[in-house]
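Q: Compute the structure for the input listed below.
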Amino acid sequence: MKLVITMSRRFGTGASVIAEELSKRLHIPVYDKASIEQQLNDHIYENEAQAIRKLAEHPCIILGRCASDILKDKLNVLNIFVCAQKEDRIQRIIKLYSLTYEQAKELVESTDEQRAAYYYEHTGKTWGDVNDYHMILDTSQLGIDNCPDILMHYFEKLEYI
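A: This next block holds a predicted model:
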């Protein structure tokens, strides 16, 4: 399998859980903001885009960081956007971080705003535009636990794995 998966997501959708499960099943690493920034801090790469392009030379999953746009010209890349109903995301964040409803709502809204601004700043595009992704997963409708199964079935059907 030479597949590189980029996964953009709204905050609180469970995308990191989906990515970790896919990582286990496919035996490929997941790279998120922290792991990419660590490589920059270690001066392995000059910038995030360079680091992401280098990581994508091997099968992997990249969470966020505009990877879908950075790798848009590569044929072996599948861009996924994970969304969910706002109320479901708030409830998930309440449970994950032991926050009040208002704290969780503020965190969901502010994180989504930051991600949208970051994406626009680095790509000039609207974050979450369906035209920039091959697949949209709604964890409110599909369930977080079902998404890895759905993706694995898709990968098998298209003979990616």
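
Q: use CA for all of it now, contacts and neighbours both
A: Will do.

Q: Run through the neighbouring helices and strands of the strand or helix carrying residue 19.
A: With elements taken from DSSP states H and E, the one containing residue 19 is helix 15-26. For helix 15-26, the elements it packs on are strand 4-9, strand 30-31, strand 60-63, helix 147-157, judged by 3 or more C-alpha pairs under 8 Å, 6 or more residues apart in numbering; DSSP states H and E.

Q: Tell me how confident the model is about the shortest one, as a mean pLDDT.
A: With pLDDT averaged residue by residue, strand 30-31 scores 98.

Q: Sheet-wise, list the partners of it with their directions.
A: Strand pairing for strand 30-31, using DSSP bridges, gives strand 60-63 (parallel).

Q: Just checking the distance from the helix or strand just after the partner strand to the centre of its chain.
A: Next in sequence after strand 60-63, counting helices and strands by DSSP H and E, comes helix 67-70. Relative to its chain's centre, helix 67-70 lies at 11 Å (C-alpha atoms, centre = their mean, to the nearest Å).

Q: Show residues contacting helix 67-70.
A: 6-8, 49, 52-53, 79, 123, 132-133 (C-alpha atoms under 8 Å, 6 or more residues apart in numbering).

Q: helix or strand right after it?
A: strand 77-83.

Q: Which helix or strand lies directly C-terminal to that next one?
A: helix 86-97.

Q: Packing partners of the next helix or strand after that next one?
A: Reading on from helix 86-97 to the C-terminus, the next helix or strand found by DSSP H and E is helix 101-123. Counting by 3+ C-alpha pairs under 8 Å, 6+ apart, the packing neighbours recorded for helix 101-123 are helix 86-97.

Q: so how far is the helix it packs on off the chain centroid?
A: In this view, helix 86-97 has its centroid 18 Å away from the chain centroid, taken as C-alpha atoms, centre = their mean.
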